[in-house]
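**Q** pasting the sequence and the predicted model now:
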Amino acid sequence: MVAFYSPFAIRYSPMQIIGQDLVCERGGRTVFHDVSFMVNRHELLQLTGPNGSGKSSLLRMIAGLNDPAAGTLNLDGGHADLTIGQQAHLIAHQEAVKLALTVAENLAFWAGFLGGGDVGNALAALDLTRLAHYPAGLLSAGQKRRLSLARLVLVPRLLWLLDEPTVGLDTASQQRLAGMMTEHLAKGGMIIAATHVALGLEPARRLDLGPRA
């Protein structure tokens, strides 16, 4: 278990994530090479590119789930005792929802696993309060997505890694997510998001993982 900590305790301290000359190989194939980027506090980096260009692979690499074949990843100014992945939330295509548990029980599990959190606040943030005691296995695709996104509010993390976060969300939920992202950036957080659609806020930086990558 990772001990709970506040990533915003020193609100204005300089921090940045730097990737240099990254290479991703999968199944004997080079997915991308020579990819470099930088993200500072208060910034959203938007990843673009066609399917198969490596957007999800790059997010997993930053989260520490995949190792780069070459290149380096560093978080300057973060918590010295934690890896980048331990200071990040990764919301991927799979929702990481335990279907046998209720909505509230799912969030209580993540609160315990991640070291703290206000379940009621997370439910309210994604408009899930009325579904708190509803079995997760009976949720719609959009409701499961909102439950997955509720982890962002449940336990603070400096970095949000979002893989097509708006998939399955209706217009109201997309607006709610945009508001959450705007608030996170205002507090000094960082976001790296892979998306094919507008997120409702303008990215500070863009990285295209198209054919040139």
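**A** Right, received. Where do you want to start? What you see is a predicted model; the values in this text were computed from it and never measured.
**Q** give me every residue that touches the one residue sitting closest to the centre of the chain.
**A** By CA atoms, centre = their mean, the mean C-alpha position of the chain lies nearest to residue 161, the distance being 2.5 Å. By CB atoms under 8 Å, 6 or more residues apart in numbering, the residues touching residue 161 are 59, 62, 63, 88, 89, 90, 91, 192, 193. Using the backbone N, CA and C atoms, a C-beta is placed for each residue, glycine as well.
**Q** how long is stretch 130-139 end to end?
**A** 12 Å (CA to CA, to the nearest Å).
**Q** contacts for it next, please.
**A** With CB under 8 Å, 6+ apart as the criterion, stretch 130-139 contacts 97-106, 123, 143-144, 147.
**Q** that older thread, need the contacts of residue 161 in JSON lines with pLDDT, can you?
**A** As requested, these are exported to JSON lines (pLDDT from 0 to 100):
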{"residue": "59", "pLDDT": "97"}
{"residue": "62", "pLDDT": "96"}
{"residue": "63", "pLDDT": "95"}
{"residue": "88", "pLDDT": "94"}
{"residue": "89", "pLDDT": "95"}
{"residue": "90", "pLDDT": "96"}
{"residue": "91", "pLDDT": "96"}
{"residue": "192", "pLDDT": "98"}
{"residue": "193", "pLDDT": "98"}
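**Q** quick one: which of the residues you listed has the most company?
**A** The most crowded member of the contacts of residue 161, judged by other CB atoms under 10 Å, is residue 192 (28 neighbours).
**Q** tally of neighbours for the closest residue to that residue other than its chain neighbours?
**A** Nearest residue to residue 192, sequence neighbours excluded (CB to CB, 6 or more residues apart in numbering): residue 45, at 4.7 Å. Look at residue 45: counted by other CB under 10 Å, it has 20 neighbours.
**Q** the host helix or strand of residue 45 - what's its average pLDDT?
**A** Per DSSP states H and E: residue 45 is located in strand 44-48. Per-residue pLDDT over strand 44-48 has a mean of 97.
**Q** picking that back up, how about the residue nearest to residue 192, what does it touch?
**A** Contacts of residue 45 by CB under 8 Å, 6+ apart are 37, 39, 190, 191, 192, 193, 203, 204, 205, 206, 207.
**Q** contacts only, for residue 46.
**A** Counting by CB under 8 Å, 6+ apart, residue 46 touches 193, 194, 195, 199, 203, 205, 206, 207.
**Q** let's see which of the residues you listed end up in strands.
**A** 193, 194, 205, 206, 207 (DSSP state E).
**Q** in this protein, which spans are strands?
**A** Going by DSSP E, the chain shows strands at 16-26, 29-40, 44-48, 70-76, 88-91, 159-163, 190-194, 205-208.
**Q** ok, residues contacting the second one?
**A** Right, strand 29-40. So strand 29-40 is contacted by 14-25, 45, 52-54, 57-58, 69-71, 190, 192, 204-205, 207, 209, 213 (CB under 8 Å, 6+ apart).
**Q** that's all I had, so thanks and see you.
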